[in-house]
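# With the sequence up front, the predicted model follows.
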Amino acid sequence: MAESKDTAPAPRRTLDDALAWARARAAEAASQAEQKAAETPRQLWLPGFDLGAMPNHLNRSSLFAPIARGRRKFHRQTRLVSRADAILEYTGEQLDEADCDLMMALIWYAQKQPLGEWVTMNRAEVLRKIGRPLNKQTYEWLLRRMRAMTEATLYIETRKPDGSTRYKIGYAEAFHIISGFQYVEESGEYRYRIDPRWIELYARKEYALLDFEARLRIGRGQDMAKMLQRLIATSDESPQRYALDWLKSKAEYTGRTRDFRDALLRACDELERLEIIARARIEDSTRGKPQLVLWLPRSSV
């Protein structure tokens, strides 16, 4: 009896070992696949792609936010605000709407060749494209932001309606906002590289095409309006409804709620002036929580 008792657990250990081996093999394969995806240049092709294209999961997150001057904080593996169908964790300086404009321009120029290859930047052309003046301060700003976004890393996991994982980026191989940056001080030349895995973020038509000319006409100090423009563009539904608490967190707004409401309404007035929206109002939801309601121009108002 004793001998039988000692040998009985062996099949269990063998099954556990087999499952562990299978999981390890799957993780290794996923790691190798992500590493290959990060290292293999791929062509980005999107119908109607122009300056102003940004993946929906990023537009709905707090990765880029209308932060006040001098209010940048440093994140370390911070869970960003996003929708329930995506998990985003970020390490790096908080990025703002000007960083978003720059990133859209960098992707637009880079997509003329396979992503993952080095791109030589025409600094003056890029700055003009995003509406920045050409002076010493903006060139210094450009260098700072290129370095900051090269240091920044992002982990993204998106989910299907049933809760299962659709894809992961940055899990096995670090995903930098800009995967490579070179500055030759003698010539003033900038070269940069965009990770080919950006293509996955644009796949399945999960991106918004902004009216960038309208974006450039948004008034100074109206970065809240720029954030709302990106958020609105992720859906063609009208009206669109967003909980104020969620918007406040997404905007990285740390002030009083009543001040945030005022800033939000000023941003909506700016979007209405530019006909990006038809009208907006703040009202209580069916659960009694304040929400922002936005109507698009083509809707009856």
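Good, I have the coordinates.

# Spit out the contact partners of V81.
Each residue near V81 by Cβ atoms under 8 Å, 6 or more residues apart in numbering is listed here: S61, S62, W246, S249, K250. C-beta: built from backbone N, CA, C; applies to glycine.

# From the structure, what's the count of residues near the last one?
K250: 22 surrounding residues under other Cβ atoms under 10 Å.

# Same check on the second one?
For S62, the count of nearby residues is 23 (other Cβ under 10 Å).

# do the same with the first one
Counted with other Cβ under 10 Å, residues neighbouring S61 total 22.

# I'd say it and K250 touch.
Yes: using Cβ atoms under 8 Å, S61 is in contact with K250, at 7.3 Å.

# Take the contacts of V81 and keep only those in helices.
W246, S249, K250 (DSSP state H).

# so which of those residues comes closest to R191?
K250 (33.3 Å; Cβ to Cβ).

# Check the ones in helices among the contacts of V81 against A172 and report the nearest one.
Nearest to A172 among the ones in helices among the contacts of V81, with distances taken as Cβ to Cβ, is K250, at 28.1 Å.

# was I right about the closest one contacting L63?
No: look at K250 against L63 with Cβ under 8 Å: they stay out of range, at 9.7 Å.

# and the helix or strand hosting I282, what does it pack onto?
Following DSSP states H and E, one finds I282 within strand 279-284. When contacts are defined as 3 or more Cβ pairs under 8 Å, 6 or more residues apart in numbering; DSSP states H and E, strand 279-284 packs onto helix 257-273, strand 290-295.

# partners of that strand, with directions?
strand 290-295 (antiparallel) (DSSP bridges).

# Now tell me what touches the partner strand from outside.
Contacts for strand 290-295 (Cβ under 8 Å, 6+ apart): 228, 232, 238-245, 247, 261, 264, 268, 277-285, 301.

# Just the buried subset of those residues, written out for PyMOL, thanks.
Here is the PyMOL command that selects only those of the contacts of strand 290-295 that count as buried (16 or more other Cβ atoms under 10 Å):
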select buried, resi 228+232+238+239+240+242+244+247+261+264+268+277+278+279+280
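
# returning to that earlier point: how about the ones in helices among the contacts of V81 in CSV, adding pLDDT and distance to R204?
Formatted as CSV, the ones in helices among the contacts of V81 follow (pLDDT from 0 to 100; distance: Cβ to Cβ, whole Å):
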residue, pLDDT, distance to R204
W246, 97, 24
S249, 97, 27
K250, 97, 23
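
# so how far is stretch 95-104 from its chain's centroid?
Relative to its chain's centre, stretch 95-104 lies at 10 Å (Cα atoms, centre = their mean, to the nearest Å).
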